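**Q** how would this look folded up:
(one chain, ligands or ions: 2)
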Amino acid sequence: QKRPRVLSGIQPTADSFHLGNYLGALRQWVRLQDTHDTFYMVVDLHAITVEQDPKVLRERTRRSAAQLLALGVDPARSALFVQSQVPEHAQLSWVLECQTGFGEASRMTQFKDKAAKQGTDRASVGLFTYPVLQAADILLYQANEVPVGEDQRQHLELTRNLAQRFNNRYGKTFTVPEPHIVKDTAKIYDLQDPTAKMSKSSSTGNGLIELLEDPKKSAKKVRSAVTDTGREIVFDAENKPGVSNLLTILSALTDQPVAELQNAYEGKGYGDLKKGVGEAFVEWVTPVQERVRSYLDDVAELDKALALGAERAREVASVTLRNVYENIGF
Ligand code: ADP
Ligand code: NA
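**A** Ligands and ions are numbered 1, 2, ... in the order given. Predicted coordinates:
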């Protein structure tokens with residue numbers, strides 16, 4: 001029986017992934033390898049929708065790939081590749097842009113949010129058509145499922161609409177993908193403002209735990225995390241967002257249910273919990289960092305692995321694109 005195919009991507013727009021990226025997304029990438037036919041990519045085409053320094057972009061693309069490998073993306077089981085190395089993404093994207101209504105694209109709320117931040121006149125056309133490129137990413141591989149968070153739902157809906165529209169107009173060409181609702185995915189909050197999502201663009205540097213920073217620094221950030229009034233260690237997202245965030249992190253890192261952790265910390269203080277979270281993170285991240293370093297020590301080998309991943313991706317992508325071109329009369 002064939003495994004359902006899943007596709008996901010991550011932008012090479014930071015020097016390091018953060019704990020939210022791992023616990024909210026990348027950990028599931030690793031787990032999906034047991035049950036799905038997995039295609040994972042570093043989406044450098046998406047990264048250039050905002051200005052990037054070429055040297056920095058190239059470096060971050062490699063670092064992203066090294067981190068994915070270090071976290072457990074296994075090139076023997078997954079096609080791991082860099083988006084720009086598979087030219088079919090850009091090629092299919094153009095075709096799909098011609099199937100997308102201007103009004104339809106204009107309704108994408110993420111563009112509106114991002115453009116509002118940059119100033120609508122300065123936002124690139126690429127930022128505007130970004131969701132169509134995302135549709136191409138998914139449809140090229142005939143993916144059955146796409147792991148999506150709340151913020152990506154609208155884009156997946158567009159992808160489904162474009163697939164159905166194309167199939168109706170030109171004959172069955174694309175698999176219409178379903179959202180993959182990921183179980184035990186954790187939303188991680190900023191350590192200094194536990195009502196805001198941990199994010200690379202977060203305003204408080206001390207609220208962000210980066211996988212590649214000095215682990216001692218991470219432990220220190222955890223020790224100075226904002227907690228809540230009272231002293232009981234219980235999960236209560238509404239009234240105790242700080243403590244709840246720490247419990248979520250500890251539970252995910254140690255694979256212990258939150259209820260068990262609450263029992264274990266009964267009678268203990270916030271300081272003990274922070275110490276426990278810091279230690280669990282350091283213990284988990286130390287071997288990850290060692291593996292990242294070893295991948296980055298041999299860039300030629302890393303590039304070779306990515307070239308192989310791109311080849312594997314192209315085997316599928318080229319078939320879809322050929323079919324698309326044929327169907328539209330090229
Ligand atoms: P950022 O928000 O730091 O810019 P991205 O938007 O690049 O991160 O997100 C990459 C992936 O990581 C996405 O799948 C996103 O849902 C996930 N992610 C990002 N931040 C968090 C978080 N704080 N908690 C859980 N998942 C997160
Ligand atoms: Na983001």
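
**Q** and the protein, which residues reach ligand 1?
**A** Residues of the chain that fall close to ligand 1, judged by CB under 6 Å from any ligand atom: 10-11, 18, 20-21, 24-25, 149, 187-188, 197-201. No exception for glycine: its C-beta is placed from N, CA and C like everyone else's.

**Q** neighbours around the closest residue to D44 other than its chain neighbours, how many?
**A** Distance criterion CB to CB, 6 or more residues apart in numbering; nearest residue to D44, sequence neighbours excluded, is S84 at 4.9 Å. S84 is flanked by 19 other residues according to other CB atoms under 10 Å.

**Q** just the mean pLDDT for the longest helix anywhere in the chain, thanks.
**A** Identified as the longest helix of the chain according to DSSP state H is helix 299-328. Mean pLDDT, helix 299-328: 98.

**Q** do the same with stretch 225-239
**A** 93.

**Q** buried ones in it?
**A** Residues of stretch 225-239 classed as buried by neighbour count (16 or more other CB atoms under 10 Å): A225, V226, T227, I233, F235.

**Q** which two in these are spaced the farthest apart?
**A** Between any two of the buried residues of stretch 225-239, the greatest separation by CB to CB is 16.3 Å, found for V226 and F235.

**Q** could you look up the SS state of F39?
**A** When classified by DSSP: H, G, I helix; E, B strand; the rest coil, F39 comes out as strand.

**Q** work out the gap between stretch 188-195 and the centre of the chain.
**A** Centroid separation between stretch 188-195 and its chain, computed with CA atoms, centre = their mean, to the nearest Å, is 19 Å.

**Q** buried stuff in it?
**A** Using 16+ other CB under 10 Å as the test for burial, stretch 188-195 gives I188, Y189, D190, L191, Q192, D193, P194.

**Q** wait, which of those is closest to ligand 1?
**A** The shortest approach to ligand 1 among the buried residues of stretch 188-195 belongs to I188, at 4.0 Å (CB to the nearest ligand atom).

**Q** was I right about the closest one contacting L247?
**A** No. Counting by CB atoms under 8 Å, I188 stays clear of L247, with 11.5 Å between them.

**Q** where does pLDDT dip in the stretch 151-300 of the chain?
**A** 183-184, 203 (pLDDT under 70).

**Q** and the residue nearest to D44, which of the three is it?
**A** helix.

**Q** so how far is A14 from it?
**A** Between S84 and A14 the computed distance is 18 Å (CB to CB, to the nearest Å).

**Q** same thing with A135?
**A** A135 is 25 Å from A14, by CB to CB.

**Q** all helices for this structure, in order.
**A** 19-21, 27-32, 44-47, 54-71, 88-97, 102-106, 109-118, 125-140, 153-170, 215-223, 241-254, 258-264, 270-297, 299-328.

**Q** ok now the fifth one, how far from the chain's centre?
**A** Right, the one you point to is helix 88-97. 22 Å.

**Q** in it, which residues are buried?
**A** Under the neighbour-count criterion of 16+ other CB under 10 Å, helix 88-97 has E88, H89, Q91, L92, S93, V95, L96, E97 buried.

**Q** pretty sure the last one contacts T129?
**A** Yes. In this structure, E97 sits in contact with T129. The criterion is CB under 8 Å, and the distance is 5.7 Å.

**Q** residues touching D303, list them.
**A** For D303, the contact set (CB atoms under 8 Å, 6 or more residues apart in numbering) comprises R62.

**Q** and of the buried residues of helix 88-97, the nearest to K217?
**A** Of all the buried residues of helix 88-97, H89 has the smallest distance to K217: 36.6 Å, by CB to CB.

**Q** that closest one and E145: what is the separation?
**A** Distance, H89 to E145, by CB to CB: 19 Å.

**Q** what does L127 give?
**A** Noted for L127: a distance of 26 Å to E145, by CB to CB.

**Q** repeat that for A300.
**A** As for A300, its distance to E145 is 34 Å (criterion: CB to CB).

**Q** between these two, who's got more neighbours?
**A** Remark: of A300 and E145, E145 carries more neighbours, 19 against 7, as counted by other CB under 10 Å.

**Q** so who does the closest residue to that one other than its chain neighbours touch?
**A** Nearest residue to E145, sequence neighbours excluded (CB to CB, 6+ apart): H180, at 3.9 Å. Applying CB under 8 Å, 6+ apart, we find H180 in contact with V6, L32, E145, V146, P147, V148.

**Q** angle of the longest helix of the chain against helix 88-97?
**A** Per axes from the mean of the first three to the mean of the last three CA atoms, to 10 degrees, the angle that helix 299-328 makes with helix 88-97 is 30 degrees.

**Q** now the angle from helix 299-328 to helix 270-297?
**A** If you take the same axes, to 10 degrees, helix 299-328 sits at 80 degrees to helix 270-297.

**Q** and the closest residue to ligand 1 within the stretch 201-330 of the chain, how many neighbours?
**A** Distance from ligand 1 to each residue of the stretch 201-330 of the chain (CB to the nearest ligand atom) is smallest for S201, at 5.7 Å. When neighbours are counted by other CB under 10 Å, S201 registers 9.
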